[in-house]
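Asks: kindly return the folded structure for what I paste below:
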Amino acid sequence: MVKIARWTQDGAVRTGFVHEGRCLTLPQGTTPQVLFEVGLEATLELAARTVADAPADAPALAEVRLLAPVTPRTVR
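Replies: Next up is the predicted model:
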């Protein structure tokens, strides 16, 4: 099981999945909003590919600062 997340690492905001305590960055241009729009099946397929291709040095969840997974379009 993976969770969608956004985090800061080394001063940069990253978006991806958290899997087994590791933060796995999504491909360039993929945002949580895109994942919501493409639907569950496509998101799960991307998650499986992301986990399979995860680098050995992917940061641990404890090493990053979590952010809200979605940035609101407007704040009222």
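Asks: ends of stretch 50-60, how far apart?
Replies: End-to-end span of stretch 50-60 (C-alpha to C-alpha, to the nearest Å): 15 Å.
Asks: how far is that stretch from where the chain is centred?
Replies: From the chain centre to the centre of stretch 50-60 is a distance of 11 Å (C-alpha atoms, centre = their mean, to the nearest Å).
Asks: could you do stretch 39-58 as well?
Replies: Distance of stretch 39-58 from its chain centroid, counting by C-alpha atoms, centre = their mean, is 9 Å.
Asks: same thing with stretch 14-21?
Replies: 5 Å.
Asks: start at 693 instead
Replies: Taking 693 as the first residue, the last one we looked at is stretch 706-713.
Asks: report the backbone C-alpha coordinates of it in PDB.
Replies: Extracted in PDB, the C-alpha atoms of stretch 706-713 (Å, rounded to 0.1, in the frame of the first residue of the first chain):
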ATOM      1  CA  ARG A 706       8.600  17.000  -3.900                       C
ATOM      2  CA  THR A 707       5.500  15.000  -4.600                       C
ATOM      3  CA  GLY A 708       5.200  11.200  -4.500                       C
ATOM      4  CA  PHE A 709       4.200   8.100  -2.700                       C
ATOM      5  CA  VAL A 710       5.200   6.900   0.700                       C
ATOM      6  CA  HIS A 711       5.900   3.100   0.700                       C
ATOM      7  CA  GLU A 712       7.300   1.100   3.600                       C
ATOM      8  CA  GLY A 713       8.600   4.300   5.300                       C
END
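Asks: and it, which residues are buried?
Replies: Of all the residues in stretch 706-713, those buried under the rule 16 or more other C-beta atoms under 10 Å are 706-711. Using the backbone N, CA and C atoms, a C-beta is placed for each residue, glycine as well.
Asks: avg pLDDT for the longest helix along the chain?
Replies: If you go by DSSP state H, the chain has its longest helix at helix 732-744. For helix 732-744, the mean pLDDT works out to 95.
Asks: and the helix or strand just after that helix, which strands flank it?
Replies: Scanning forward in sequence from helix 732-744 by DSSP states H and E, the next helix or strand is strand 757-759. Using DSSP bridges, the strands paired with strand 757-759 are strand 695-701 (antiparallel).
Asks: in the strand it pairs with, which residues are buried?
Replies: Residues 696-699 are the ones in strand 695-701 that count as buried (16+ other C-beta under 10 Å).
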